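S.K.: pasting the sequence and the predicted coordinates here, then a few questions.
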Amino acid sequence: MSAFILNRSHTSAAPSMAEEGERTLGNSGAKSSPLQVFGQAKKKINDTYQDVISYIQESQRFLKTVEDESLFGKDKLQIFDDYLLKVNGILKVLSRNRMKVAFFGRTSNGKSTVINAMLRDKILPTGIGHTTNCFIQVEGSSKTEAYLLTPDSTEPKNVLSVAQLGHALSAEKLSENSIVHVHWPKEKCRLLREDVVIVDSPGIDVTPDLDSWIDQHCLDADVFVLVCNAESTLMQAEKNFFFKVSAKLSKPNVFVLNNRWDATANEPEFMDEVRQQHLSRGVTFLADELRVCSKSEAEDRIFFVSAKEALLSRMHQERGTPISAGVLLEGNQARLFEFSRFENEFEECLSKTAVRTRFEQHALEGRSISQHARTLMDGLYDCSLEQKATAMANRRLRGDRLDMFEKQAIATSHETREKIRTFVDSVERQVALALADEIRRLGTLLEDFDRPFHPDPLQLTWYKKELHAWLEERLGRNLANRLDEPLQRTVADTMREMGENVGALLPPERKEATTQLTLPRKFGLAYRLDCRNLCADFREDIEFRFSLGINNVARWLLGSGRAKLALAGIEPVPRPIPSAPQTPCNTDESRHIRGEGELMTLVVQNMALLTSRSSVLLIIVGGVVWKTVGWRLLALSASFYGALYLYERLMWTRRAQERAFKRQYVSHAASKLKLIVDLTSSNCSHQVHQELTTVFTQLSRYVDMSKEELTVEIRELDAAIERLDTTANDAKILRNKAGWLDNEFQSFIKQYLNVGK
């Protein structure tokens, strides 16, 4: 802000001695020349408007960074764009050091004649019809000789050539948009001595391209003189032209000259009525339609003159020759006086209100722009603070919600995982109990297996394959019948409970998704008993075994372990020496017991040895037994033994073989299945755990999504708060700058525009 202010230099140059000698703007010579005040005012308002340009450009850059249109819409940005165009136009006007007066009117209204009369010489082309073909600018020159410059050359030309260059009937005429600069000695014209530029124009009715005229030659004009034809009336073409001028300039200064008023000399009885009619229409046009001044001011800006009479009179006066009789019509003195009054009023207007005419509207417009900009920035500042407060409240609300959400999510996750673990352990126990029960019922279960049995090894192989598959299928079906329905019901209840617990954390739009996710679904355990590989090492023994055979008798007498050793011819492990002291009593008794046991063992060993080595030993043993007990008892025993053997051999049918096979298979399968009880129950519990964990993971993803949304919202709110804080600070700075600019324009108005009031 300080750099923005200190850039400005407001020092006023003291009037020079030469300037004190110049004509003042209607004041006495004791005061300094108004042109010095004009220069000082021009410098200050130019500097202030340069600051306005910088301010508008800075505001545009700032507003383009404001993303939220609720703070500052694109329509308000367009306001600053329009301000920039307007201020550039004002600066273009202020950039010139001289005041510019432009004469406009329809063709043959006498614009050039008026200017010639003011210059006291016939310099500009005049005549009947369309004479002035291009713009001609007359400006003061410090030289004693007049000259002109054309658009295509910088070489000075004789001023008399303007009659050929600017005349519409000349072969060397220029285009309508061209301008010829005529440099006229200042001492020949009072207005030119005050650095006033006079511009003559072609008729506004010769071309429709009036906008280019205004843009090229009118935007920098300070005063416009509308030259009308008193023999007609104010035409719509003239009005339309000044409407266009007024749309691009703020309240242009317009004087209206009703030229050719000498025509009333032929009809003096209508002169007052025609004058009042022209005056009324002119006042209405200036005050009501253009709205450039009040009605009282408009009456002082409308004149009734004869430029032709004024030019002739002044040319003769300059040359010192008398005017021929009859050249000037009756009443010419009044018209000449009116023309002089127009010049005096025009010069007085420039001298008294030069600064006001040139700068008042621009200063007021500058104040309006700065005040409006301050209002806009003040509104943006307040709106930014309000939205920042709202965003901070939402940020606190979202932060509290996120903290509570995270705590609830952690508690729900811990509770749900604990429930899943408890339920999985329960499933493992149930499966283990059910499978153990099925193993105990395995014998009963195999009774339902009714495939044809045949001892042939090839057919027996297929029989075992079918038995493996049937047992696996039947065990799985029995387990499914016992466990699946209650298990599925419990899983569905657990899923629904998980969905309700998680859904309580989620926003309404996500609850429906969790409900769909936890709908009851068909769920069954895959037990994977794999009896085929589990019982692959099963070896059946369906050979006939006589119940009173040597092996069976040995098992009865010695037990299965000792019988196997004895039948295999393996010496028994020596007994340890008793640690108790040997007495005659216990020695004899122990010897007697040991003797009987050893005797029986030797008998059995010898019998097994005889039966296993050769049938010769059997005959010898039979002979010994026959000799010991007698042949009758031996024959009876042999007959009974043979009959029993024959009975058992006849009863060893396929059915008996099948029963033996199944009995052996049940024993083998039961032992194998017991080994996988823990594995199977663990596998089933893992399936349940995986099912529940999958659903919970999907539910957790919705929780994470909601958490991420809250986090993103918080980040966006943080960014919005930071942007709003920056916007508020920048808007405050620009608001203060706009206030400072308003103070500058107010100071300018007080210093330069209120002096004469």
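M.R.: Structure received.

S.K.: residue ranges of the strands in the protein, please?
M.R.: 99-104, 135-141, 147-149, 157-158, 179-185, 196-200, 223-229, 253-259, 302-304 (DSSP state E).

S.K.: quick one: mean pLDDT over the first one.
M.R.: Model confidence over strand 99-104, given as mean pLDDT, is 84.

S.K.: who's in contact with it?
M.R.: The contact list for strand 99-104 (Cβ atoms under 8 Å, 6 or more residues apart in numbering) reads 111, 114-115, 191, 194-201, 204, 217-218, 220-227, 238, 241-242, 350, 354, 357-358. For the C-beta atoms, the positions are set from N, CA and C on the backbone; glycine is no exception.

S.K.: could you rerun that using 6 Å?
M.R.: Defining contact as Cβ atoms under 6 Å, 6 or more residues apart in numbering, one finds that strand 99-104 is touched by 111, 196-201, 204, 218, 220-227.

S.K.: how about Asp425: what's its closest non-neighbour residue?
M.R.: Ser685 (7.1 Å; Cβ to Cβ, 6 or more residues apart in numbering).

S.K.: so the one you found touches Ser426, yeah?
M.R.: No: proximity of Ser685 to Ser426 does not meet the contact threshold set by Cβ atoms under 6 Å, at 8.6 Å.

S.K.: between these two, which is the more surrounded one?
M.R.: Ser685 (22 against 14; other Cβ atoms under 10 Å).

S.K.: now the strands of the chain as a markdown table including distance to Asp68 and mean neighbour count?
M.R.: Output for these, formatted as a markdown table (distance: least, Cβ to Cβ, whole Å; neighbours: other Cβ atoms under 10 Å):
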| stretch | distance to Asp68 | mean neighbour count |
| --- | --- | --- |
| strand 99-104 | 46 | 24 |
| strand 135-141 | 50 | 22 |
| strand 147-149 | 56 | 18 |
| strand 157-158 | 62 | 12 |
| strand 179-185 | 50 | 20 |
| strand 196-200 | 50 | 24 |
| strand 223-229 | 46 | 24 |
| strand 253-259 | 45 | 25 |
| strand 302-304 | 54 | 23 |
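
S.K.: how about the ones you listed in a markdown table, adding distance to Ala731?
M.R.: Listed next are these as a markdown table, based on distance: least, Cβ to Cβ, whole Å:
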| stretch | distance to Ala731 |
| --- | --- |
| strand 99-104 | 40 |
| strand 135-141 | 46 |
| strand 147-149 | 50 |
| strand 157-158 | 58 |
| strand 179-185 | 46 |
| strand 196-200 | 43 |
| strand 223-229 | 41 |
| strand 253-259 | 38 |
| strand 302-304 | 49 |
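
S.K.: nearest to His362, of those strands?
M.R.: strand 253-259 (12.6 Å; Cβ to Cβ).

S.K.: next, the angle from that closest one to strand 99-104.
M.R.: Using axes from the mean of the first three to the mean of the last three Cα atoms, to 10 degrees, the inter-axis angle of strand 253-259 relative to strand 99-104 is 40 degrees.

S.K.: what separates strand 253-259 from the chain centre, distance-wise?
M.R.: Strand 253-259 sits 60 Å away from the centroid of its parent chain (Cα atoms, centre = their mean, to the nearest Å).

S.K.: adjacent strands (with direction) for that strand?
M.R.: strand 223-229 (parallel), strand 302-304 (parallel) (DSSP bridges).

S.K.: worst mean pLDDT among those strands?
M.R.: Taking the mean pLDDT of the strands paired with strand 253-259, strand 223-229 comes last: a mean of 89.

S.K.: what about Glu495, how many residues nearby?
M.R.: I think there's a mix-up here, since residue 495 is Met and not Glu. 21.

S.K.: shouldn't it be in contact with Phe696?
M.R.: No: Met495 lies out of contact with Phe696 (Cβ under 6 Å); the separation is 8.7 Å.

S.K.: tell me where the stretch 1-150 of the chain is predicted with low confidence.
M.R.: 1-39, 72-74, 96-97, 127-132 (pLDDT under 70).

S.K.: same thing but 50
M.R.: 1-35 (pLDDT under 50).

S.K.: contact partners of stretch 706-722?
M.R.: Lys388, Ala391, Met392, Asn394, Arg395, Arg398, Leu402, Leu506.

S.K.: filter those residues down to the buried ones, ChimeraX style.
M.R.: Applying 16 or more other Cβ atoms under 10 Å to the contacts of stretch 706-722, the buried members can be selected in ChimeraX as follows:
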select :388,391,392,395,398,402,506
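
S.K.: can you lay out the contacts of stretch 706-722 as a markdown table showing distance to Ala513?
M.R.: A markdown table is the format used below for the contacts of stretch 706-722 (distance: Cβ to Cβ, whole Å):
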| residue | distance to Ala513 |
| --- | --- |
| Lys388 | 35 |
| Ala391 | 30 |
| Met392 | 32 |
| Asn394 | 25 |
| Arg395 | 27 |
| Arg398 | 22 |
| Leu402 | 21 |
| Leu506 | 8 |
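
S.K.: could you pull out the helices in the stretch 351-500 of the chain for me?
M.R.: 361-440, 442-446, 457-503 (DSSP state H, counting those that start in this stretch).

S.K.: now render those as a markdown table, adding mean pLDDT and distance to Asp51.
M.R.: Formatted as a markdown table, the helices of the stretch 351-500 of the chain follow (pLDDT from 0 to 100; distance: least, Cβ to Cβ, whole Å):
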| stretch | mean pLDDT | distance to Asp51 |
| --- | --- | --- |
| helix 361-440 | 90 | 10 |
| helix 442-446 | 83 | 104 |
| helix 457-503 | 85 | 62 |
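
S.K.: those helices: which one's closest to Leu94?
M.R.: Here helix 361-440 is closest among the helices of the stretch 351-500 of the chain (Cβ to Cβ), at 6.7 Å.

S.K.: ok now that closest one, how far from the chain's centre?
M.R.: The answer for helix 361-440 is 19 Å, by Cα atoms, centre = their mean.

S.K.: also stretch 99-109?
M.R.: With Cα atoms, centre = their mean, you get 57 Å for stretch 99-109.

S.K.: again with stretch 196-203
M.R.: 57 Å.

S.K.: distance check, the residue nearest to Leu699 when sequence neighbours are not counted against Thr494.
M.R.: In space, Leu699 comes closest to Val502 once its chain neighbours are excluded; the distance is 4.3 Å by Cβ to Cβ, 6+ apart. Plainly put, Val502 is 12 Å away from Thr494 if you go by Cβ to Cβ, to the nearest Å.
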